[in-house]
Structures are given as structure tokens and as C-alpha cells.
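>>> For reference, the sequence and a predicted model appear below.
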Amino acid sequence: MEITISSLFITILLSTLMIYFLNFFMKNSNKFKIFRTDFFTFLILVIVLRILFPVELFFTKSIYISSIMNPIMEFFNYELSSNITILHISLSIWLFGFIIFGFRFIHELVVSYKISNKIQEKSICYKVSDFLNNYDGKDYPIMISDIVKSPMVFGLKNIIFLPQIEFSKVDLYNIIHHEIRHIKNHDIFIKIFINLITILYWWFPPVYVLSKNINLFLEIRVDDQVTRNMSANSR
């Protein structure tokens with residue numbers, strides 16, 4: 001297995017088609033309902049694996065279209081000066097962008113960690129069992145703060161943050177179960193992983209569409225899991 005200009009080109013082409021296919025269904029709720037969430041999980045997995053491994057696989061054989069690939073190869077192999085080609089310049093630009101976006105992501109993680117600690121210092125601390133009767137799962141901490149604007153699982157500590165709002169019992173039940181599902185699904189790690197892919201492919205516009213749709217899919221999947229056993233009215 002090796003990465004070549006042609007294998008990267010094929011990866012970009014196939015990934016773009018699949019990403020916009022996913023985007024089409026994610027943006028049209030009526031069409032989204034045609035498929036189960038399992039189908040979109042599989043499609044996202046295929047896209048991510050194809051992007052992560054833009055290689056010529058041992059069991060595949062690419063059919064090259066000379067009218068397209070030859071000009072591309074000539075362009076990237078064109079020497080700007082002695083032993084320096086456009087490919088070398090392109091790789092240098094990619095590496096520079098990778099470093100910049102990587103440092104920015106690390107900075108955002110550090111800032112998020114500090115914000116999480118500040119919110120905890122100014123929060124009222126509870127447990128899931130304080131709000132849900134007969135709850136037999138892991139008793140995750142719940143922090144209520146006027147700093148938080150909407151329910152969320154913030155950071156890597158499996159803490160549920162709630163705004164200081166008077167929720168009804170039904171809303172509170174659904175909100176807490178929704179956030180618990182995010183924790184059980186390890187969605188925070190999935191988001192970090194997708195961010196790393198976005199950093200790697202910072203130069204590829206469709207990857208930002210993919211990231212946005214995966215974040216939306218994670219919310220839809222959790223809603224589906226929470227409401228799966230409910231009656232039609234409750235759902």
C-alpha cells in the first residue's frame with residue numbers, strides 16, 4: 001500500500017461525492033427518515049476510513065484516465081527550480097497549515113479545560129440520582145450554573161452542565177438522558193477525532209461539511225436512542 005498523487009486524487013473525488021451525498025440527506029429531514037441511523041453510521045465510517053487511508057489498496061486496481069491524470073502529474077512534478085517541484089511546495093504549505101491548525105486546536109482544548117474548571121467553581125453540584133427516580137446507571141455529576149446557556153457535556157470529565165433554568169420534570173428527564181447518552185457514546189472523543197481529521201485535511205473544503213454533518217448526526221443519533229422505547233406521544 002502506498003500513497004500516490006493518483007490515489008489521493010481518487011480519495012478526494014470519492015470522499016467529496018460521499019460527503020455531499022451525506023449532506024443532502026442530513027439537510028432534508030424527510031429524506032433522512034428513509035434510512036436508519038445505522039446506515040449513516042456506516043456511511044460516515046466509510047468516508048472517514050477512505051480519508052484516513054488514501055492509498056492504493058492491495059485488493060484494488062485503479063483505472064487511470066490519462067486525459068485527467070497526466071496534466072495533474074505534470075503540474076505537481078513541474079520543477080520551479082533545481083530539484084524543487086510544485087509538489088514539494090504544496091507539501092510545505094500543507095505542513096505549515098497542519099502545524100498552525102494543530103496548535104490552534106491544542107489552544108482551544110486548554111482554554112476549554114480552564115473554562116470547565118471555572119464553571120465548576122461557580123456551580124451547584126448534584127448527581128444524576130438527585131433528579132431521576134430509580135436511576136440505576138452510573139451516577140454522573142451534574143453542575144448547574146448561570147454561566148452555562150444550554151445543557152451540555154463539557155470537556156473530558158463526564159460532567160453534565162445545566163443552565164440555571166426551571167425545567168419541567170419531563171424536560172429535565174429528557175435532557176439528562178440525552179446528555180448521559182452522549183457520555184456513553186463517547187461523543188466527545190468522536191468530535192476530537194473528527195477535529196484531528198479536519199486539521200489533517202485543512203485544505204479540503206468538503207471536510208468541514210463532513211465535520212458539521214457528523215456533529216449533527218451525533219445529536220440525531222442520541223435523540224433516536226433516548227426516544228426509541230417511548231410511545232408516539234412521548235417521542
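Sure thing, it's come through.
>>> Tell me the helix or strand right after the helix or strand bottoming out on mean pLDDT in the chain.
Least confident helix or strand of the chain, by mean pLDDT, DSSP states H and E, is helix 29-32 with a mean of 65. Remark: after helix 29-32, the chain's next helix or strand is helix 37-52, criterion DSSP states H and E.
>>> State the mean pLDDT of that following helix.
Helix 37-52 shows an average pLDDT of 91 in the prediction.
>>> Off-centre distance for that helix?
11 Å (C-alpha atoms, centre = their mean, to the nearest Å).
>>> And the contacts of that helix?
Helix 37-52 has contacts (C-beta atoms under 8 Å, 6 or more residues apart in numbering) with 11, 14-15, 18-19, 21-22, 25-26, 194, 197, 201, 207, 210, 214, 217, 220-221, 224. All C-beta atoms are positioned from the backbone trio N, CA, C, and that covers glycine.
>>> For the helix or strand following it, which residues meet the burial criterion?
Going down the chain from helix 37-52, the next helix or strand is helix 66-76, by DSSP H and E. By neighbour count on 16 or more other C-beta atoms under 10 Å, the buried set for helix 66-76 is residue 73.
>>> tell me what helix 66-76 is packed against?
Counting contacts by 3 or more C-beta pairs under 8 Å, 6 or more residues apart in numbering; DSSP states H and E, helix 66-76 packs against helix 5-27, helix 86-121.
>>> I'd like the next helix or strand past whichever strand or helix holds residue 125.
Taking DSSP H and E as the criterion, residue 125 maps to strand 124-127. Once the chain leaves strand 124-127, the next helix or strand it forms, by DSSP H and E, is strand 141-145.
>>> tilt between that next one and helix 86-121?
Orientation of strand 141-145 against helix 86-121 (axes from the mean of the first three to the mean of the last three C-alpha atoms, to 10 degrees) gives an angle of 80 degrees.
>>> Run the chain-centre distance for strand 141-145.
Offset of strand 141-145 from its chain centre (C-alpha atoms, centre = their mean): 25 Å.
>>> what pairs with it, and is each one parallel or antiparallel?
Strand pairing for strand 141-145, determined by DSSP bridges: strand 124-127 (antiparallel), strand 160-163 (parallel).
>>> least reliable of the helices and strands packed on helix 66-76 going by mean pLDDT?
Among the helices and strands packed on helix 66-76, helix 5-27 carries the lowest mean pLDDT, a mean of 89.
>>> in that helix, what's buried?
Buried residues in helix 5-27 (16+ other C-beta under 10 Å): 6-7, 9-12, 15-16, 18-19, 22-23, 25-26.
>>> Contacts for that helix next, please.
31-32, 34-35, 40, 43-44, 46-47, 50-51, 54-56, 62, 64, 69, 72-73, 76, 87, 204, 206-207, 209-210, 213, 216-217.
>>> Can I have the buried ones of those residues as a PyMOL selection?
The buried residues among those can be selected in PyMOL (16+ other C-beta under 10 Å) with this line:
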select buried, resi 32+40+43+44+47+50+51+54+73+204+206+207+209+210+213+217
